[in-house]
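Student: only geometry, no sequence info:
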Ligand SMILES: C[S@@+](CC[C@H](N)C(=O)[O-])C[C@H]1O[C@@H](n2cnc3c(N)ncnc32)[C@H](O)[C@@H]1O
């Protein structure tokens, strides 16, 4: 098990991008305009409050919860790979939905969560942190860790650091989406599911067409928790056909 990077002792550099604010921020005037906007938006955001109440690490949980509620992608006992998992709220949702911690009766599933940043372990999941998903060695290690299991569901909420230039950010997230899709094509079970986040742009349609070659059903989902001003959207690809498509 030493190949599993369960980084329990990391404190300073652990991923906290989805910080759940508890207090009114002070000294706003000393912060950059963009930081002020972020803090104010966090305070007004009902999903931030809800995440605190329901004890998720991050408001993103509600995006996956909505996808689950509407499309029922998870079932107890399944195998799930979560790419770009830090700080871990999607992992928490998946662990619960497929009973990976074995806390409920019935089949027990498995969740494998990967992120290039360190993040705290999630009970019931195998966490590979500090690993760049796009590198061949990470994917090799993930395959080894999965020990020949194939995935019912591959999730990618991976996102690059935003530059603020829409076209560049779009191109970068599309690169991550293709990396996740190539992995899903090798690791999905027949009839499996692939969920991937992108920021909309000129390559969105091409990605959709590429998915349709391998999955029978592909749809776009914009959960309520996606912020209005964001170009974020998720592709939900279902019924993996396998790699022989011609
Ligand atoms: C929006 S956050 C994910 C939030 C997560 N789904 C949750 O609910 O807690 C996007 C994540 O993608 C990760 N990421 C970006 N590029 C990556 C890469 N090449 N390999 C692994 N993770 C990556 C980032 O480190 C970041 O943690």
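Tutor: Okay, I see it. Fair warning: this is a prediction, and the values are worked out from it, not measured in the lab.
Student: give me the contacts around the top helix by length along the chain.
Tutor: Criterion DSSP state H: the longest helix present in the chain is helix 166-187. With contact meaning Cβ atoms under 8 Å, 6 or more residues apart in numbering, helix 166-187 is reached by 81, 83-84, 133-134, 139, 142-143, 146, 150-151, 154, 156, 158-160, 162-163, 192, 194, 196-204, 207, 210-211, 214, 231, 235, 240, 243. To be clear about C-beta, it is placed using only N, CA and C from the backbone, and glycine gets the same treatment.
Student: list the buried residues in that helix.
Tutor: Residues of helix 166-187 classed as buried: 169-170, 172-174, 176-181, 183-185, 187 (neighbour count, 16 or more other Cβ atoms under 10 Å).
Student: that one - what's its average pLDDT?
Tutor: The average pLDDT within helix 166-187 is 98.
Student: for stretch 107-127, same thing?
Tutor: Stretch 107-127 comes out with an average pLDDT of 98.
Student: now check it, is it near the ligand?
Tutor: Yes - applying Cβ under 6 Å from any ligand atom, one finds that stretch 107-127 is in contact with the ligand at 114-117.
Student: which one of the residues you listed sits in the busiest neighbourhood?
Tutor: The most crowded member of the residues of stretch 107-127 next to the ligand, judged by other Cβ atoms under 10 Å, is residue 114 (29 neighbours).
Student: that one: helix or strand, and which one exactly?
Tutor: Per DSSP states H and E, residue 114 falls inside strand 110-115.
Student: just to revisit the earlier point, quick check, nearest of the buried residues of helix 166-187 to residue 65?
Tutor: Nearest to residue 65, judged by Cβ to Cβ, of those is residue 180 at 20.3 Å.
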